[in-house]
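J.: sequence and predicted structure are below.
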Amino acid sequence: MALQINSMSPPALLHHSSPPSMSPPPPPLSFLSSSSSSSAYSRTSRRRRTAASALRTAHASSPPPPASAAAPAPAPEAVDEFWKWFRDRAGASRPAAVNPGFVPEGLGLVAQRSLSRNEVVLEVPKKMWIDSDAVAASDVGRVCSGLGATWVPIALFLLREEGMGQASPWYPYLRILPKETNSPLFWSEEELYQIQGTQLLSTTLSVKEYVQSVFVKVEDEVILPNKHLFPSTITPLDFLSAFAIIRSRTFSGLRAENLALIPLADLTNHNSSITSDASWEIKAKSLFSRELIFSLQTPVSVTAGEQVYIQYDLQKSDAELALDYGFIEMRPDRQAYTLTLEIAESDPFHGDKLDIAETNGLGETAYFDIVLGSSLPQFMLPYLRLLALGGTDAFLLESIFSNSIWDHLQLPVSHANEKRICDVVRNACKSALAAYITSIEEDEKLLSEGNLDPRLEIAVSVRVGEKKVLQQIDDIFRAREEELGELEYYQERRLKDLGLAGEQGEIIFWEPK
Ligand SMILES: C[S@@+](CC[C@H](N)C(=O)[O-])C[C@H]1O[C@@H](n2cnc3c(N)ncnc32)[C@H](O)[C@@H]1O
């Protein structure tokens, strides 16, 4: 729901979901976030050290080590076949800087020699990308134009090629794609129960609902009328898997109409120690060629036998990482909760407030990501004050204040306005906190005991993170409530400006001489 702060109802603690090209229309969710404790964080570091040592022996023909990946690793001969297919199609002749190899994250890219920082480790020609051009040139492309978001034809293309089995020219690539990840999109009811009350659950359910609604349309308009292309049954779950696999394998920045699956490059795993976002570029193959290639550089130097990692997205919260890729980092700065505030349509000043919000770069709905350990986002308090404006403060909405109202909202307007904000936000935090199935202490205990199944670890970390951020928001507004009597409000500031009040707020009477 929306934050109908004027009518004193609880705020709309909604969540927004993720990448623009593949996300459903903003769903009406609750709060979203994720989490960690310092002990959980150090356990992650330990896990990474173990992963690094496991890697030294990894190569395509070695048996897969115990993996943190959700799906069983492909057979070694499937990886060998993929590698041969890739090199043949790419026309590779020189020894490769990286090979696909078995790593704790499933498959990954293993350096074949020492690599220096920013060295190009692989190049993939456009003819090998599965993108909208590849789909448009295929049988599927001919029957699914006008389907909207780019991921939909790509998903249908994958399902069609998969249905062809070995007859598909993409078979060696499709064969090494995992069937699932640890994203909550793949969790059972029981596993989802562990994130009851979280924004992550709301987002997961909204995304699933969105994909299901697209499936219904696509089944009706494309799959069933084209039995020659889709002879076997395609279930809603197949379609959801295709969506989630595409989502987990596309580079941030290659979204919307540029969405593409890039074989080999999509074997690069994420590492939190890498702090630079862009490790790739799309460029012409050479000075005299118009052919495009995807070129991946290693963001850090890598020794032979180690894995080449990248940073997937510095901006994503743990909950977003979980949803998109099926892993989390468990770092406080990835723990966020999205507060969605909205000017209620029933607000008697709806039009005036909307004008003010829009003039200042906001809208009827505003999303504020609150990160653990960080202060409130810049415009959150002014926006809250605007929403709460009413009663004897409503005069500030009159047109004579239109140029200055946003400045006034940067500071407390009145005791009543500030109190209303505190009440609404604190009540919302309380009701959101009551919806979780465990306490912060219980979750921290579970995390400190360790050895959790990867999905349970994601669930516990995300839910404890959300609760900590909610607790942090509640603490901020509790402290504010306690100082309401000491704050300076609009009327006092105004009297001071006019020289009618002293520094302590005492009224200075004008005495005619
Ligand atoms: C782009 S693919 C990378 C290749 C993938 N490992 C494979 O076997 O095909 C992204 C997926 O790899 C896995 N992954 C990548 N980085 C990871 C990490 N740091 N921890 C755990 N899993 C990771 C997740 O399953 C994620 O959805």
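T.: Thanks, I have it.

J.: spell out which parts of the stretch 101-250 of the chain neighbour the ligand.
T.: Selection of the stretch 101-250 of the chain residues close to the ligand by Cβ under 6 Å from any ligand atom yields 105-108, 178, 181, 248-249. Where C-beta positions appear, they are placed from N, C-alpha and C, glycine not excepted.

J.: in CSV: the residues you listed, plus secondary structure and pLDDT.
T.: Formatted as CSV, these follow (DSSP: H, G, I helix; E, B strand; the rest coil; pLDDT from 0 to 100):
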residue, secondary structure, pLDDT
105, coil, 96
106, strand, 96
107, strand, 98
108, strand, 98
178, coil, 96
181, coil, 97
248, helix, 97
249, helix, 97
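
J.: so which of those residues is the closest to residue 137?
T.: Checking these against residue 137 by Cβ to Cβ gives residue 249 as the nearest, at 20.8 Å.

J.: for the closest one, give me its contacts.
T.: When contacts are counted by Cβ atoms under 8 Å, 6 or more residues apart in numbering, residue 249 touches 177, 261, 266.

J.: so what's the residue of the stretch 401-513 of the chain found nearest the ligand up against?
T.: Nearest residue of the stretch 401-513 of the chain to the ligand (Cβ to the nearest ligand atom) works out as residue 454 at 7.9 Å. Counting by Cβ under 8 Å, 6+ apart, residue 454 makes contact with 68, 70, 182, 326-327.

J.: what subset of those is buried?
T.: Using 16 or more other Cβ atoms under 10 Å as the burial test, those include 70, 182, 326-327 as buried.

J.: report the lowest-confidence entry in the residues you listed.
T.: Ranked by pLDDT, the buried ones among the contacts of residue 454 bottom out at residue 70 (77).

J.: that one and residue 198, how far apart?
T.: As judged by Cβ to Cβ, to the nearest Å, residue 70 and residue 198 stand 19 Å apart.

J.: so which of the residues of the stretch 101-250 of the chain next to the ligand comes closest to the ligand?
T.: Nearest to the ligand among those, with distances taken as Cβ to the nearest ligand atom, is residue 106, at 2.6 Å.

J.: hang on, the closest one packs against residue 72?
T.: No. With contact defined as Cβ atoms under 8 Å, residue 106 does not count as touching residue 72 (9.3 Å).

J.: which of those two has more neighbours?
T.: Using other Cβ atoms under 10 Å as the criterion, residue 106 and residue 72 rank with residue 106 on top: 20 against 11.

J.: low-confidence ranges in the stretch 351-500 of the chain?
T.: The stretch 351-500 of the chain contains residues with pLDDT under 70 at 500.

J.: tell me how this protein divides into domains.
T.: Listed domain ranges for the chain are 5-36+330-497, 38-188+204-209+225-325 (source: automatic domain parsing).

J.: want to try TSV for these, with distance to residue 217 as columns?
T.: TSV is the format used below for the domains of the chain (distance: least, Cβ to Cβ, whole Å):
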stretch	distance to residue 217
domain 5-36+330-497	13
domain 38-188+204-209+225-325	8
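
J.: for these, which one sits closest to residue 218?
T.: Each of those has some distance to residue 218 by Cβ to Cβ; the shortest is domain 38-188+204-209+225-325, at 6.3 Å.

J.: quick one: contacts for residue 417?
T.: Applying Cβ under 8 Å, 6+ apart, the residues near residue 417 are 385, 388-389, 393.

J.: and for residue 218?
T.: Neighbours of residue 218 in contact, by Cβ under 8 Å, 6+ apart: 144, 147, 152, 156, 239.

J.: and with 10 Å instead?
T.: Residue 218 makes contact with 144, 147-148, 152-153, 155-156, 159, 224, 234, 239, according to Cβ atoms under 10 Å, 6 or more residues apart in numbering.

J.: before we move on, what about residue 421?
T.: So residue 421 contacts 5, 11, 380-381, 384-385, 387-388, 412-413, 477, 480-481 (Cβ under 10 Å, 6+ apart).

J.: by neighbours, which of the residues of the stretch 101-250 of the chain next to the ligand wins?
T.: In terms of neighbours by other Cβ under 10 Å, those top out with residue 107 at 26 neighbours.

J.: what about the closest residue to that one other than its chain neighbours, neighbour count?
T.: Leaving aside its chain neighbours, residue 107 sits nearest to residue 267 (5.0 Å; criterion: Cβ to Cβ, 6 or more residues apart in numbering). A total of 25 residues lie near residue 267 under the criterion other Cβ under 10 Å.

J.: got the phi and psi for residue 267?
T.: Main-chain dihedrals, residue 267, degrees, to the nearest 10: phi -90, psi 0.

J.: now it: how far from the ligand?
T.: 5 Å (Cβ to the nearest ligand atom, to the nearest Å).

J.: ok, residue 119 next?
T.: Distance from residue 119 to the ligand, by Cβ to the nearest ligand atom: 20 Å.

J.: in the stretch 201-350 of the chain, which spans are helices?
T.: Assigned by DSSP state H, counting those that start in this stretch, the helices in the stretch 201-350 of the chain fall at 236-249, 318-325, 350-359.

J.: just the stretch 51-200 of the chain next, same as before
T.: Under DSSP H, counting those that start in this stretch, the stretch 51-200 of the chain gives helices at 76-90, 132-136, 139-143, 151-163, 171-176, 189-193, 199-218.

J.: figure out how far the last one is from the centre of its chain.
T.: Yep, that's helix 199-218 we're talking about. 15 Å (Cα atoms, centre = their mean, to the nearest Å).

J.: just checking, residue 173 touches residue 265?
T.: No. With contact defined as Cβ atoms under 10 Å, residue 173 does not count as touching residue 265 (11.7 Å).

J.: now do the shared contacts for these two.
T.: residue 128.

J.: picking that back up, looking at the residues of the stretch 101-250 of the chain next to the ligand, which is nearest residue 88?
T.: Closest to residue 88, out of all of these and judged by Cβ to Cβ, is residue 107, at 19.0 Å.

J.: can I assume that closest one is in contact with residue 175?
T.: No. If you go by Cβ under 10 Å, residue 107 and residue 175 don't touch, sitting 11.6 Å apart.

J.: so what sits against both of those two?
T.: Common neighbours of residue 107 and residue 175 (Cβ under 10 Å, 6+ apart) are 74, 78-79, 82.

J.: can I get the residues you listed in a markdown table including pLDDT, distance to residue 319 and neighbour count?
T.: Formatted as a markdown table, the shared contacts of residue 107 and residue 175 follow (pLDDT from 0 to 100; distance: Cβ to Cβ, whole Å; neighbours: other Cβ atoms under 10 Å):
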| residue | pLDDT | distance to residue 319 | neighbour count |
| --- | --- | --- | --- |
| 74 | 94 | 29 | 21 |
| 78 | 98 | 33 | 16 |
| 79 | 98 | 32 | 25 |
| 82 | 98 | 32 | 24 |
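
J.: which of those lies at the shortest distance from the ligand?
T.: Distance to the ligand, by Cβ to the nearest ligand atom, is smallest for residue 74 among those, at 8.2 Å.

J.: could you check the pLDDT of residue 291?
T.: Residue 291 is assigned 89 on the pLDDT scale.

J.: mind listing what it touches?
T.: 125-127, 284-285 are the contacts of residue 291 under Cβ under 10 Å, 6+ apart.

J.: export the contacts of residue 417 to a markdown table and tack on distance to residue 364, neighbour count and secondary structure?
T.: Formatted as a markdown table, these follow (distance: Cβ to Cβ, whole Å; neighbours: other Cβ atoms under 10 Å; DSSP: H, G, I helix; E, B strand; the rest coil):
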| residue | distance to residue 364 | neighbour count | secondary structure |
| --- | --- | --- | --- |
| 385 | 16 | 25 | helix |
| 388 | 16 | 25 | helix |
| 389 | 15 | 26 | coil |
| 393 | 20 | 19 | helix |
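
J.: buried ones in the one helix or strand residue 459 maps to?
T.: Assessed by DSSP states H and E, residue 459 sits inside helix 454-482. For helix 454-482, the buried set under the neighbour-count rule, 16+ other Cβ under 10 Å, comprises 455, 457-470, 472-474, 476-477, 480-481.
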